[in-house]
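**Q** Give me a 3D structure for the following:
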Amino acid sequence: MRKIMIISAGTVHPNLLARHYLSNHLKTVEGISLIPAGSIEAARDLNEDYAALVLYLHRQRISDEALHALDTFISRGGGLLAIHSASASFKQTPRYYEILGGRFIAHGKIAPYTVHPREGDSPLAGSLGSFSIRDELYLHDYQKDVAVHFFTERDGEREPVVWTRKHHQGSVCYIAPGHCAATVKHPAIRMIITRGLQWVAQ
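**A** The predicted model follows:
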């Protein structure tokens, strides 16, 4: 049984219902024991007993001690699954951006958009085809070493919505959709969340 810490906080962004749906879904993933926490400062408790951390929150500040603990945990082989507003958190902290692989820069109104899998093999896409959701489309300044698994098209350009990267010995996965509670219940998003967690926690 792999121990997974989930740090989730917020009443509006992310909203309570979306957080509830995510937690309930993660509890169904085989082979994991979910340990909840409500503050990013809980990252100080990460150690080799944990396989991965899930971040679903929107916060502006992280202490140097918590950031160092997070970086050390992933660098030594731990996993990080970050969802939606996790990329809009700690925007003034370059070290966090370097770990995650991308930083939120803007979003439009909640609206439908189509998500496409990348061409070729992907441990997250598998047999999933294109699908539509209604959510905020997050735009990012992202590092060029990220591996994009799903994207949408905006103004004739591809905008990544799911990516992975390696951070030293650890694994990071970011999933941009997740503003609306209905998005967290979408079967394709749930499958991507499951596969993303399994990939970072392997």
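**Q** can you give me the helices for the chain?
**A** If DSSP state H is used as the criterion, the helices of the chain fall at 16-26, 64-75, 94-100, 181-185, 187-200.
**Q** Now do the longest strand belonging to the chain: which elements does it pack against?
**A** Scanning the chain for the strand with the most residues, using DSSP state E, yields strand 157-167. Counting by 3 or more CB pairs under 8 Å, 6 or more residues apart in numbering; DSSP states H and E, the packing neighbours recorded for strand 157-167 are helix 64-75, strand 138-142, strand 147-154, strand 170-175, helix 187-200. Placement of C-beta: from N, CA and C, glycine included.
**Q** what's the burial count for Ala147?
**A** For Ala147, the tally of surrounding residues (other CB atoms under 10 Å) stands at 16.
**Q** Count the residues that sit near the closest residue to it other than its chain neighbours.
**A** Take Ala147 and drop its neighbours on the chain: the residue closest to it by CB to CB, 6 or more residues apart in numbering is Thr164, 5.0 Å away. The number of residues packed near Thr164 is 21, by other CB under 10 Å.
**Q** Hmm, Thr164 is touching Val172, no?
**A** Yes - Thr164 lies in contact with Val172 (CB atoms under 8 Å); the separation is 6.5 Å.
**Q** Show me the common contact partners of the two, please.
**A** Counting by CB atoms under 8 Å, 6 or more residues apart in numbering, the contacts common to Thr164 and Val172 are Val200.
**Q** Using the centroid of this structure, identify the residue furthest from it.
**A** The outermost residue of the chain, judged against the average C-alpha position, is Gly156 (25.2 Å), by CA atoms, centre = their mean.
**Q** what sits against that residue?
**A** Going by CB under 8 Å, 6+ apart, the list of residues near Gly156 is empty.
**Q** before we move on, the earlier item: could you give the angle of the longest strand of the chain to helix 64-75?
**A** Orientation of strand 157-167 against helix 64-75 (axes from the mean of the first three to the mean of the last three CA atoms, to 10 degrees) gives an angle of 90 degrees.
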